[in-house]
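**Student:** structure here, sequence nowhere to be found:
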Ligand code: GLY
Ligand code: MN
Ligand code: MN
């Protein structure tokens with residue numbers, strides 16, 4: 001059975017934020033119907049799971065400022081368990097999960113008003129669970145009714161996300177261990193897909209994007225991952241220039257590149273890896289020129305990812321390398337766009353690199369956590385965006401600290417267009433790794449699959 005210790009520690013840390021008379025209410029995710037009699041695979045709410053590791057639907061966690069936690073969960077029910085599977089039930093929950101008490105979820109409406117009485121503040125996640133505010137209102141009404149008998153009713157409602165986002169931003173040892181395993185599984189899946197592509201083409205077989213997607217899924221599930229962390233992108237040839245392309249039926253042509261952006265979710269934690277490789281295992285000259293540029297830009301991002309740096313530093317480092325490369329390779333014409341400084345200032349590089357280099361990674365693939373430095377939120381500077389002309393309010397970016405996890409995913413996407421060298425038309429490249437900020441710099445936990453072109457060619461020959 002997994003240890004309940006990290007969850008108890010997180011609940012205790014949260015309780016310390018609530019104040020002695022505060023109370024927090026955390027629902028898990030709702031089940032969602034896919035079509036008649038058929039639900040989407042259930043996934044627990046990330047905040048809820050973070051605090052108790054309980055994966056059944058229809059459950060709530062209540063934590064009070066004195067550190068006590070109460071779970072509301074589905075009762076044991078043989079009839080339902082025959083159809084849907086075993087339920088933990090409230091009787092077994094305290095020993096299994098380390099919570100102090102547990103009740104059937106049907107008791108929520110009678111227990112919550114009692115638990116809310118004589119509290120000063122009630123915390124719950126704002127704007128994440130449809131109708132939750134109304135439910136809290138409903139539980140507060142009877143408490144208010146009892147005020148004439150001397151009861152106190154909370155007069156402050158606070159957003160639980162704000163405190164949990166900050167906690168989740170710094171991963172603890174147990175989270176880092178799970179994320180490391182998830183990244184290792186995903187890396188293995190990428191290697192498998194690359195090798196399958198080269199092997200099938202060598203054997204003269206037709207290769208489609210879904211064949212490679214199947215290899216990814218095989219590796220994910222074979223190693224116990226419950227789900228993909230997001231919809232896998234398997235993009236053959238020019239499909240790679242569609243940023244949100246999904247694995248479909250496109251033909252993988254000998255001589256073209258394939259971009260795969262795929263990661264598994266393991267025990268509630270995401271991995272997020274992109275590799276771009278030649279379908280047949282050998283880069284052409286133009287492919288290699290662009291590929292090496294993206295690799296160099298990623299190395300620049302890696303070097304910029306260290307404690308004390310800002311969240312935006314890896315992006316800026318990548319952009320500098322990419323922009324210079326675009327000038328050197330003739331994607332951008334100095335006569336039209338000026339020098340490197342101008343290309344960056346005017347964001348001319350965004351014709352070929354239009355997304356950011358990083359996002360937080362954790363339970364959610366685009367994980368929670370503020371991208372601005374909390375202590376410096378008052379320092380607002382205004383600028384006019386070079387492309388849209390919009391006025392943007394900037395706040396100082398987040399300072400990186402050990403335990404934060406972010407992706408480093410520069411890319412270059414060259415659609416066929418007039419004035420763009422033809423040899424690069426239809427090439428889309430992204431390289432994405434998962435970086436844990438350490439005391440000295442960062443640790444790339446997804447490098448079980450290589451990025452250097454020679455290493456990719458070598459493994460695809462194998
Ligand atoms: N796969 C989603 C992303 O890279 O952000
Ligand atoms: Mn990503
Ligand atoms: Mn990705």
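**Tutor:** Cool, the structure landed. The shown structure was predicted, so the numbers you read here are calculated from the model rather than taken from an experiment. Ligands and ions are numbered 1, 2, ... in the order given.
**Student:** does the residue in the stretch 351-462 of the chain that ligand 2 sits nearest to sit in a helix, a strand or a coil?
**Tutor:** Ligand 2 sits closest to residue 407 of the stretch 351-462 of the chain, with a gap of 4.2 Å, by C-beta to the ion. Heads up, the C-betas are built off the backbone N, CA and C, glycines and all. With DSSP: H, G, I helix; E, B strand; the rest coil as the basis, residue 407 sits in strand.
**Student:** and it, how far from ligand 1?
**Tutor:** 6 Å (C-beta to the nearest ligand atom, to the nearest Å).
**Student:** now do the contacts for the residue lying closest to residue 229 once chain neighbours are set aside.
**Tutor:** Closest residue in space to residue 229, ignoring its immediate chain neighbours: residue 270 at 3.5 Å, by C-beta to C-beta, 6 or more residues apart in numbering. Contact analysis of residue 270 by C-beta atoms under 8 Å, 6 or more residues apart in numbering lists 179, 182, 229-230, 263, 361-365, 367.
**Student:** which of the residues you listed has the most neighbours?
**Tutor:** For those, the largest number of neighbours (other C-beta atoms under 10 Å) sits with residue 263, at 31 neighbours.
**Student:** show the model's pLDDT score for the nearest residue to that one once chain neighbours are set aside.
**Tutor:** Excluding the flanking residues, the one nearest residue 263 by C-beta to C-beta, 6+ apart is residue 271, at 3.7 Å. pLDDT for residue 271: 98.
**Student:** please apply the same query to residue 1.
**Tutor:** 55.
**Student:** now do residue 232
**Tutor:** For residue 232, the model assigns a pLDDT of 98.
**Student:** where in the chain is pLDDT low?
**Tutor:** Residue ranges of the chain with pLDDT under 70: 1-2.
**Student:** next structured bit after the longest helix anywhere in the chain?
**Tutor:** Using DSSP state H, we find that the single longest helix of the chain is helix 173-202. Next along the chain after helix 173-202, taking DSSP states H and E as the criterion, comes helix 209-222.
**Student:** so what secondary structure elements neighbour the next helix or strand after that next one?
**Tutor:** Per DSSP H and E, helix 209-222 leads on to strand 227-228 as the next helix or strand towards the C-terminus. Contact here means 3 or more C-beta pairs under 8 Å, 6 or more residues apart in numbering; DSSP states H and E; on that basis strand 227-228 packs against helix 209-222, strand 264-266.
**Student:** going along the chain, name the helices of the protein.
**Tutor:** Remark: helices assigned in the chain by DSSP H are 5-18, 46-52, 78-84, 89-97, 108-116, 132-145, 160-169, 173-202, 209-222, 285-303, 313-328, 334-337, 340-345, 453-461.
**Student:** for ligand 3, find the nearest of the ones you listed.
**Tutor:** Nearest to ligand 3 among these is helix 173-202; the distance by C-beta to the ion comes to 10.0 Å.
**Student:** buried deepest among the helices of the chain, which one?
**Tutor:** helix 46-52 (a mean of 24; mean count of other C-beta atoms under 10 Å).
**Student:** other residues contacting that one?
**Tutor:** Helix 46-52 has contacts (C-beta under 8 Å, 6+ apart) with 7, 10-11, 14, 26-29, 54-55, 59, 61, 63, 69, 71, 97, 99, 125, 128, 160-161, 164, 167-168, 268, 363-364, 368.
**Student:** mind redoing it with 7 Å?
**Tutor:** With C-beta atoms under 7 Å, 6 or more residues apart in numbering as the test, helix 46-52 has contacts from 7, 10-11, 14, 26-28, 55, 61, 71, 97, 99, 125, 164, 168, 268, 363-364.
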